[in-house]
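K.L.:
predicted model and sequence below, questions to follow.
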Amino acid sequence: MPTYDYRIEATGDVIEVKHTMALTPKNWGELCQLANISLLNIPPESKVTKLLTAAGIIKSHTLNTPDTRPCAHGGDCPSGGCE
């Protein structure tokens with residue numbers, strides 16, 4: 001199941017929630033129900049915004065050699081450096 005980040009517009013906080021792609025909560029109450037979390041004294045009608053996050057990118061040539069790190073082929077390492 002994919003993970004999505006949502007910003008709670010009333011507080012500016014960001015929360016990470018797992019749910020199916022078919023669902024799109026529009027407010028804090030819907031998001032809380034979907035994630036099975038409490039309202040935390042935030043009004044349920046508070047707007048939430050789904051944030052665009054970068055997913056992990058796997059280059060096709062690394063699939064042929066799964067033990068090789070991307071930086072070994074001149075690519076970027078997502079953690080900032082290969083160890």
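P.N.:
Cool, the structure landed. Predicted model only: the values in this text are computed from it and were never measured. Residues are numbered from 1 along each chain as shown.
K.L.:
wasn't residue 29 part of a helix?
P.N.:
Yes. Counting by DSSP: H, G, I helix; E, B strand; the rest coil, residue 29 is found in a helix.
K.L.:
what number of residues lie near it?
P.N.:
The tally of other residues near residue 29 (other C-beta atoms under 10 Å) stands at 16. All C-beta atoms are positioned from the backbone trio N, CA, C, and that covers glycine.
K.L.:
for residue 51, which residues make a bridge with it?
P.N.:
Beta-bridge partners recorded for residue 51 (DSSP bridges): residue 5.
K.L.:
can you get me a residue count around it?
P.N.:
Count around residue 51 with other C-beta under 10 Å applied: 11.
K.L.:
ranges for the helices of this protein?
P.N.:
Secondary structure of the chain (DSSP state H): helices at 28-35, 60-64.
K.L.:
lowest average pLDDT across these?
P.N.:
The stretch with the lowest mean pLDDT among the helices of the chain is helix 60-64, at a mean of 56.
K.L.:
mind listing the strands for the chain?
P.N.:
3-8, 14-18, 48-51 (DSSP state E).
K.L.:
could you save the ones you listed as JSON lines and add columns showing distance to residue 32 and mean pLDDT?
P.N.:
Below are the strands of the chain laid out as JSON lines (distance: least, C-beta to C-beta, whole Å; pLDDT from 0 to 100):
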{"stretch": "strand 3-8", "distance to residue 32": "10", "mean pLDDT": "93"}
{"stretch": "strand 14-18", "distance to residue 32": "9", "mean pLDDT": "92"}
{"stretch": "strand 48-51", "distance to residue 32": "10", "mean pLDDT": "94"}
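K.L.:
how much space separates residue 23 from residue 12?
P.N.:
23 Å (C-beta to C-beta, to the nearest Å).
K.L.:
compare the two (neighbour count), which wins?
P.N.:
Neighbour count, other C-beta under 10 Å: between residue 23 and residue 12, residue 23 has more, with 11 against 7.
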